[in-house]
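Novice: please work out how this folds:
(one chain, ligands or ions: 2)
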Amino acid sequence: PVSRAGHLLDDLNPAQRRAVEHAGSPLLVVAGAGSGKTRVLTRRIAYLLAARDVHPGEIMAITFTNKAAAEMKERVADMVGARARSMWVSTFHSMCVRVMRRDAKVLGMSSNFSIYDSDDSRRLITLVARDLDLDPKKYAARTLAVHISNLKNELIDPETAAAQATNDLERRVAEVYTVYQRRLGESNSLDFDDLIMRTVELLQRFPDVAEHYRRRFRHVLVDEYQDTNHAQYTLVRELVGKAGGELPPAELCVVGDADQSIYAFRGATIRNIVEFERDYPDATTILLEQNYRSTQNILTAANAVISRNPNRRDKSLWSDLGEGEKIVGYVADNEHDEAAFVANEIDRLVDGGEVNNSEIAVFYRTNNQSRVFEEIFIRLGLPYRVVGGVRFYERREVRDALAYLRTLANPDDTVSLRRILNVPKRGIGDRAEACVSAYAERERISFAAALREAVNDRVPLLNPRSRNAIAGFVEMMDQLGEMVAREDDVADILESVLDKTGYRTELEASEDPQDHTRIENLNELVTVAREFTELELPEGADPVPSLPAFLERVSLVADADSIPDADSDGVVTLMTIHTAKGLEYPVVFSTGWEDGVFPHMRALGDPVELAEERRLAYVGITRAQRRLYLSRALVRSAWGQPSANPASRFLGEIPEDLLDWRRVEPSRSGPAAATTWGRSASSGGIASRGLSRPAPGKTGWKDAPALKLDVGDRVTHDKYGLGRVVAVDGAGLRATATIDFGGAGTVRLMLIGSVPMTKL
Ligand code: ATP
Ligand code: MG
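Specialist: Ligands and ions are numbered 1, 2, ... in the order given. Prediction:
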């Protein structure tokens, strides 16, 4: 069979080939960015099928995004044909949904459970905290949600959390967690973290279930292993099984790069990759050293930055693609100037025929930085797409419509039901809702069941008007429910929801232009549903009624899934560096390289966070294949307040000889005229058109004397009031102070003469 598969090894280097051919013991492939780890994983699957006669149904591969899963499946299908279909290639979450749909009954849940995303779960936590009379100022739902999520990622159940709590916050969190889990159960719902945690529980508590999956999946492959958390790690262990049993463990192959671990805030831990050999004592490790993605200059820069991180294993990554272009550096006056530079440069590259728009990506540290780019791209008619940000599925009207569908699919889904109970307004006020809710709690029945009791007049303190309104609502939902029972098309059900509830009519009657956008979004959702209905079910897929399947799909749409295909759209892609993980682009603009932006403000005084930011810098740089641009702005407005930001410390770590500074700080280069603004003059001035590039002298900040402050000084600010200086950065005119204004928060200000602040 090897000859049949020989071509699968042709374009691999010897180390990659060994990884593809390796059989038996657990395999770890560790290597820097762009060294072909993902290629090895994909190729290994093809090789298993072609050369080792593995049945596709025996393969489970886990990727970081649904998009990566779809691509991998497609690539394998290209290599081995339609047989690829019965493999499981998915994200951890999608994989767990599949397992739970089949086996949730064992855990006492029904298989039509809802999936709560982070917004839903925060809503439920808010309700729980309110019922527990917690002070929302002291215990914000967001904070509670983070703590509960962390516990789940560590597989700590509510009882253990309560037993382990050592301070007031932990005790409160455990209390909320306990009630929250109970309410999730009553709602027949799972949140994102539950998908993993409860699947682990399923496998650990029910050996026959575990046995079923272990018999089926003889090969488990995991990409981006450095970003697994403890729960995911355990899940993999359970799937693979232990040696010494009746059934030998499945063959495990994981690939990753500890330097690219950037999801610590979701509980990811590089421990899993660093200690793989301890977890699996008979493991084989293969290192890859050749990078096939980037030119040497780009790689050298990436290595220079990442090598400053402590406690890492040094890797020697090299490329034979040549030195390539120098990395272009640009110091902008402000964020608008930075965006204009990026837009101009894109224009120039595309005009020159070197690349097309779809080969270009613009990165930033946080989603809110996309706005200035969007503004100028729109003004210049440069086609672009933003990945992430306020996403389609997060818009209010879309969430409302989906809440109707979820309530119809699962009446016990209390969060969805309560979301739409009085939307559009139908006379069921907060008081009526509270009466029903109290009754449900007392009788230990679901909120939906309590609504029916209200119609029968069994809920005390409910006034007749509310009762009638509830009766109308229940009747309407029953009518819609018949469509679901008949298994009508999702799109038809959705249309009926929008009509019968009066949702669409209300928006149509509105004068607010935003409401018209809302109608468009709802129409878009109907289109999504139509397309879904018309989708062909893949062979071997479980024939699920279309409504639950549709809801599942939209619940699991991750940011990265909306990344346009490189060759289909002629658009520039804008995204955060987190979202860019695993991707590659010929031209990358990485922006906002300022201390306080990137590295993030939060990381400035915290070595652990700083190391994570540095890994993020490494990920960002190594996405670039041929051209890399690094830019920063001297002044950036955040929360309506301009602040002067010093250069990112990461910039200073890149050897100067790799950089071609198109524009440097004015104090170093003399007047700002000595720059590449020339192009904007010759092409009609697109760069400066309408942009607020502060002219020296005009805004006065460049020549104003700095206010001298030291750590510990007390100040008074016209807007923020009294404060104490906690940090001073930069010198002379670049100086900034970070000041704790108590209730008004901690703010970083530039110490220009015109700052409305006095030292006390
Ligand atoms: P990351 O760490 O960013 O996830 P990776 O290690 O997964 O990167 P890949 O995305 O698999 O790297 O590969 C990077 C690029 O190099 C891809 O375009 C891939 O097709 C190419 N490549 C990998 N191995 C080879 C090879 N042996 N010959 C030619 N090209 C290769
Ligand atoms: Mg990869």
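Novice: would you say Leu321 is within a helix?
Specialist: No: assessed with DSSP: H, G, I helix; E, B strand; the rest coil, Leu321 is coil; it does not lie in a helix.
Novice: contacting residues for it?
Specialist: Tyr292, Ser294, Thr295, Gln296 (CB atoms under 8 Å, 6 or more residues apart in numbering). C-beta: built from backbone N, CA, C; applies to glycine.
Novice: and if you look at Ser114?
Specialist: Going by CB under 8 Å, 6+ apart, Ser114 touches Ser187, Asn188, Ser189, Leu190, Arg406, Ala409, Asn410, Asp413, Ser416, Leu551.
Novice: any idea what it is bridged to?
Specialist: Bridge pairing for Ser114 (DSSP bridges) gives the partners Ser189.
Novice: look up how far ligand 1 lies from it.
Specialist: 33 Å (CB to the nearest ligand atom, to the nearest Å).
Novice: ok, and of the contacts of Leu321, which contact ligand 1?
Specialist: Contacts with ligand 1 within the contacts of Leu321, counted by CB under 6 Å from any ligand atom: Tyr292.
Novice: sorry, back to before: switch the contacts of Ser114 over to JSON lines; also include neighbour count.
Specialist: Output for those, formatted as JSON lines (neighbours: other CB atoms under 10 Å):
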{"residue": "Ser187", "neighbour count": "24"}
{"residue": "Asn188", "neighbour count": "20"}
{"residue": "Ser189", "neighbour count": "24"}
{"residue": "Leu190", "neighbour count": "25"}
{"residue": "Arg406", "neighbour count": "27"}
{"residue": "Ala409", "neighbour count": "23"}
{"residue": "Asn410", "neighbour count": "22"}
{"residue": "Asp413", "neighbour count": "27"}
{"residue": "Ser416", "neighbour count": "28"}
{"residue": "Leu551", "neighbour count": "22"}
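Novice: which of the residues you listed sits closest to ligand 2?
Specialist: Ligand 2 lies nearest to Leu190 out of the contacts of Ser114, by CB to the ion, at 28.7 Å.
Novice: ok, the longest strand along the chain: who's next to it in the sheet?
Specialist: As assigned by DSSP state E, the longest strand anywhere in the chain is strand 624-638. Here strand 624-638 is paired, per DSSP bridges, with strand 327-334 (parallel), strand 585-590 (parallel), strand 641-644 (antiparallel).
Novice: would you turn the ones you listed into a markdown table with distance to Ile493, mean pLDDT and mean neighbour count?
Specialist: Formatted as a markdown table, the strands paired with strand 624-638 follow (distance: least, CB to CB, whole Å; pLDDT from 0 to 100; neighbours: other CB atoms under 10 Å):
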| stretch | distance to Ile493 | mean pLDDT | mean neighbour count |
| --- | --- | --- | --- |
| strand 327-334 | 50 | 96 | 23 |
| strand 585-590 | 40 | 98 | 24 |
| strand 641-644 | 48 | 82 | 18 |
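Novice: for ligand 1, which of those is the nearest?
Specialist: Ligand 1 lies closest to strand 585-590 among the strands paired with strand 624-638, at 10.7 Å (CB to the nearest ligand atom).
Novice: now that closest one - C-alpha only, CSV.
Specialist: The C-alpha trace of strand 585-590 is given here as CSV (Å, rounded to 0.1, in the frame of the first residue of the first chain):
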residue,chain,number,x,y,z
TYR,A,585,-0.9,36.1,4.2
PRO,A,586,1.6,37.3,1.7
VAL,A,587,1.3,40.9,3.1
VAL,A,588,0.6,41.7,6.7
PHE,A,589,0.1,45.1,8.3
SER,A,590,0.4,44.7,12.0
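Novice: anything in the next helix or strand after that strand near ligand 2?
Specialist: Per DSSP states H and E, the first helix or strand lying C-terminal to strand 585-590 is helix 607-621. No: using CB under 5 Å from the ion, we find that helix 607-621 stays clear of ligand 2, coming within 10.7 Å at best.
Novice: would you mind listing what in the stretch 1-150 of the chain touches ligand 1?
Specialist: Proximity of the stretch 1-150 of the chain to ligand 1 (CB under 6 Å from any ligand atom) is limited to residues Asp11, Leu12, Asn13, Gln16, Ala31, Ala33, Gly34, Ser35, Gly36, Lys37, Thr38, Arg39.
Novice: which of those fall in strands?
Specialist: Reading strands off those with DSSP E, I get Ala31.
Novice: ok, and the most crowded of the residues of the stretch 1-150 of the chain next to ligand 1?
Specialist: With neighbours taken as other CB atoms under 10 Å, the top of these is Ser35, carrying 28 neighbours.
Novice: from Gln16, how far off is that one?
Specialist: According to CB to CB, to the nearest Å, Ser35 stands 8 Å off from Gln16.
Novice: what is the least confident helix or strand in the chain?
Specialist: helix 678-682 (a mean of 31; mean pLDDT, DSSP states H and E).
Novice: name every strand pairing with the next helix or strand after that one and say which way it goes.
Specialist: Later in the chain than helix 678-682, the nearest helix or strand by DSSP H and E is strand 714-717. Its sheet considered, strand 714-717 pairs with strand 721-729 (antiparallel), strand 757-759 (antiparallel) by DSSP bridges.
Novice: for ligand 2, find the nearest of these.
Specialist: Closest among the strands paired with strand 714-717, using CB to the ion: strand 721-729, at 36.0 Å.
Novice: below-threshold pLDDT in the stretch 351-500 of the chain: ranges please.
Specialist: Of all residues in the stretch 351-500 of the chain, those with pLDDT under 70 make up the ranges 388-391.
Novice: hmm, try it at 90
Specialist: Within the stretch 351-500 of the chain, the stretches with pLDDT under 90 are 354, 366-372, 374-396, 487-488.
Novice: residues in contact with Val350?
Specialist: Residues in contact with Val350 (CB under 8 Å, 6+ apart) are Asn356, Asn357, Ile360.
Novice: in a helix, it, correct?
Specialist: Yes: according to three-state DSSP, Val350 belongs to a helix.
Novice: what pLDDT does the model give it?
Specialist: For Val350, the pLDDT comes out at 93.
Novice: out of the contacts of Ser114, which are inside helices?
Specialist: Arg406, Ala409, Ser416, Leu551 (DSSP state H).
Novice: how about the contacts of Leu321, which pair is most distant?
Specialist: Farthest apart among the contacts of Leu321 by CB to CB are Tyr292 and Gln296. That separation is 12.3 Å.
Novice: contacts only, for Thr166.
Specialist: Counting by CB under 8 Å, 6+ apart, Thr166 has no contacts.
Novice: spit out the contact partners of Asp492.
Specialist: Asp492 makes contact with Met483 under the criterion CB under 8 Å, 6+ apart.
Novice: that one - that's part of a helix, no?
Specialist: Yes: under three-state DSSP, Asp492 sits within a helix.
Novice: could you measure it against Leu547, distance?
Specialist: Using CB to CB, Asp492 is found at 11 Å from Leu547.
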